[in-house]
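Asker: have a look at this prediction, sequence included:
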Amino acid sequence: MKAYIYYENVKYLIACQTDMNRVLSIFRKLSTIYVYNGKYKEGVSTCKYALSRFKMDDNYKAIFTFNMSMYYNYLKEYDKSLDVLLEAEDSIKKAFPDRVKDILLLKASSLHGVKHYAGALGTYTEILNSTEKNDYNNLCVYYNNMAEIYCLMGNTDIAKNYVQTVKSYLVKVSDDFKYLPQIYLGLGRVYIMLKEQDKGLELLLKALGTSKSFKYHSVTKDIINEFTGFNNEVTDIDIKEEFVILTEHTGFIDNKLLYNIMEYFSRLNKNDELISICKFCKKMA
């Protein structure tokens, strides 16, 4: 709804040939809000349009470029995310020297996504070199991500060491830390990769609870997707109901999530659940 209101305001202001600085400011706000409803393609389009349509200073260019790279990352189009970010990395760092870690974190995530594991680990090492030893909030994020990479590389011993570090730090993480749901999700995912499904499930349930309380719809979607990967029935939550609640919040059906849920219920021969989901989707169409 916020995105729609901003869009209508922009159309009106452009039609009235209002001061373009005001229009640009609205586009800047618009380029950030798609994170919350999961409409990442719209985020990319907004950033592209602003960069091609308006003359702007270096700070605005840095904002739209970083956000566009971020949205590509969320879309799992990691190669595009990297191309956008690497081309403008130095100028973004210059414009926002206080956000260098955020820039490097996005870079590391995209390198991870294209399976350039050595580059991702090198970038995380660069981040760690400038991170305070008692910054437990962010250290959990970095070590979690590194543990997942080492799992993918087959170095499970190193991954387990990082998992233990995250577990020891987790009790010191602030309850309102903005990445807390992602920490639980990442740690749960790593435990599943290490074939410790019970521990993984416990953490995914914590991730779901915190994500919903934070109203992180995109993270909630990722967590539900993780549940659909289980071969046995997850009895601790109602996956169908979680899908319905999430869809009603976002206002649209995420097709990939829908397919994964249908595949999950098909494996379990839950035909009644499949029929119920189909009826719900018809109403949303």
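Answerer: Received it, and whenever you're ready, just let me know what you need. Numbering: from 1, shown residues only.

Asker: who's in contact with the nearest residue to Lys160 once chain neighbours are set aside?
Answerer: Leaving aside its sequence neighbours, Lys160 sits nearest to Leu194 (CB to CB, 6 or more residues apart in numbering; 6.8 Å). Yep, even glycine has a C-beta here, placed from its N, CA and C like the rest. Going by CB atoms under 8 Å, 6 or more residues apart in numbering, Leu194 touches Cys151, Thr156, Ala159, Lys160, Val163.

Asker: not counting its neighbours along the chain, what's nearest the third one?
Answerer: In this structure, Ala159 finds its nearest non-sequential neighbour in Tyr150, 4.0 Å apart by CB to CB, 6+ apart.

Asker: how many neighbours does the one you found have?
Answerer: Tyr150: 22 surrounding residues under other CB atoms under 10 Å.

Asker: tell me which helix or strand it sits in.
Answerer: Using DSSP states H and E, Tyr150 falls within helix 136-152.

Asker: which helices and strands sit right next to the helix or strand where Leu30 lies?
Answerer: Per DSSP H and E, Leu30 falls inside helix 20-37. Packing partners of helix 20-37 (3 or more CB pairs under 8 Å, 6 or more residues apart in numbering; DSSP states H and E): helix 2-15, helix 40-53, helix 58-74, helix 217-227.

Asker: Lys76 in helix, strand or coil?
Answerer: Following DSSP: H, G, I helix; E, B strand; the rest coil, we place Lys76 in the coil state.

Asker: just Phe252 next, same as before
Answerer: Counting by three-state DSSP, the backbone at Phe252 sits in coil.

Asker: backbone dihedrals for it, both of them.
Answerer: Main-chain dihedrals, Phe252, degrees, to the nearest 10: phi -150, psi 160.

Asker: quick revisit: among the contacts of Leu194, who's most crowded?
Answerer: Val163 (24 neighbours).

Asker: these two touch, right, it and Met193?
Answerer: No: counting by CB atoms under 8 Å, Val163 sits too far from Met193 to count as a contact (10.0 Å).

Asker: care to break the chain down by domain?
Answerer: Listed by automatic domain parsing, the domain ranges of the chain are 1-96, 228-285.

Asker: for these, which one ends up most surrounded?
Answerer: Neighbour counts (mean count of other CB atoms under 10 Å) averaged over each of those peak at domain 1-96, with a mean of 17.

Asker: taking the mean pLDDT, what do you get for that one?
Answerer: Throughout domain 1-96, pLDDT has a mean value of 85.

Asker: same check on stretch 220-229?
Answerer: 96.

Asker: do I have it right that Leu201 meets Thr235?
Answerer: No: Leu201 is beyond contact range of Thr235, at 10.0 Å (criterion: CB under 8 Å).

Asker: how much space is there between the residue nearest to Lys160 and Gly154?
Answerer: Distance, Leu194 to Gly154, using CB to CB, to the nearest Å: 12 Å.

Asker: repeat that for His112.
Answerer: 15 Å.

Asker: same check on Lys39?
Answerer: Between Lys39 and Gly154 the computed distance is 36 Å (CB to CB).

Asker: what do you get for Val84?
Answerer: Look at Val84 and Gly154: by CB to CB, they are 31 Å apart.

Asker: do the same with Ser45
Answerer: Applying CB to CB, the value for Ser45 to Gly154 is 39 Å.

Asker: with Gly188 instead?
Answerer: Separation of Gly188 from Gly154 (CB to CB) stands at 20 Å.

Asker: so for Met146, which of the helices and strands packed on helix 20-37 sits nearest?
Answerer: Met146 lies closest to helix 58-74 among those, at 17.4 Å (CB to CB).

Asker: helices and strands around the following helix or strand past the closest one, which ones?
Answerer: Beyond helix 58-74 in the direction of the C-terminus, DSSP H and E gives the next helix or strand as helix 78-95. For helix 78-95, the packing partners by 3+ CB pairs under 8 Å, 6+ apart come out as helix 58-74, helix 100-113.
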